[in-house]
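Participant: Show me how the following folds:
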Amino acid sequence: PNCEHVGRYLFCSNCGERFPYNEFDELLIKYFYKGYYYDEILQFLSHHHGTEVCMRTLKSHLGRLNLNRKNFSQRDFAEAFAAISREIDFCCDAVGYRTIWHRLSVKYGIRISRNFVMEAMKFLDPAGAAHRRSRRLRRRSYRSDGPNYTWHVDGYDKLKRYFCP
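Facilitator: Numbers count the residues shown, from 1 in each chain. Predicted coordinates:
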């Protein structure tokens, strides 16, 4: 198209409204949804994009974009519950609630409290929660095709049952 505004405006397909394109806002949204802390976002903006802003300005821009870490909607709770269920089915038992919380933020773009993730994991996988709570060494079970076929990186693992350090 020969429109002079192509590239400088974003178009909302729902309401038909045009918004000015702002590269700074796009960077903030990208770094926020990747789960970076505010200090890390400031460092990325400074070192990689040559934009110096203070913490207060960053928080002001994030507030204007309605990006915050504490306010959660009911829609996020329903989505988070389904995503937690998928992640538990996909992952092993050793993954804790903080890892799942971070995956929800980065992979699905769902901002939810860690406490909700912890309670949901207790509800969805009580046996896994009990395993994680015990904080003990768990023997791994392998199916091997013969002696010396399966080796583990942790060389002391096979000696643990004989109380070797």
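Participant: The longest helix seen in the chain: what's the following helix or strand?
Facilitator: Secondary structure assigned by DSSP state H gives helix 74-90 as the longest helix of the chain. On the C-terminal side of helix 74-90, the nearest following helix or strand under DSSP states H and E is helix 97-103.
Participant: Return the angle between stretch directions for the helix or strand just after that next one and helix 74-90.
Facilitator: Under the assignment DSSP H and E, the closest C-terminal helix or strand after helix 97-103 is helix 114-124. Orientation of helix 114-124 against helix 74-90 (axes from the mean of the first three to the mean of the last three Cα atoms, to 10 degrees) gives an angle of 50 degrees.
Participant: Report the buried residues of the next helix or strand after helix 114-124.
Facilitator: Next helix or strand after helix 114-124 toward the C-terminus (DSSP H and E): helix 126-134. By neighbour count on 16 or more other Cβ atoms under 10 Å, the buried set for helix 126-134 is 128, 129, 132. In this view, the C-beta of every residue, glycine as well, is placed from N, C-alpha and C.
Participant: mind giving me CSV with the residues you listed and columns for distance to residue 116 and pLDDT?
Facilitator: Formatted as CSV, the buried residues of helix 126-134 follow (distance: Cβ to Cβ, whole Å; pLDDT from 0 to 100):
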residue, distance to residue 116, pLDDT
128, 17, 82
129, 14, 81
132, 17, 78
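Participant: Now the residues you listed in TSV, please, with extra columns for distance to residue 29.
Facilitator: Converted to TSV, these look like this (distance: Cβ to Cβ, whole Å):
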residue	distance to residue 29
128	33
129	34
132	33
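Participant: quick check: domain ranges of this structure?
Facilitator: As recorded under the TED database, the domains making up the chain are 9-65, 74-134.
Participant: is it possible to export these to TSV including distance to residue 145?
Facilitator: Output for the domains of the chain, formatted as TSV (distance: least, Cβ to Cβ, whole Å):
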stretch	distance to residue 145
domain 9-65	41
domain 74-134	23
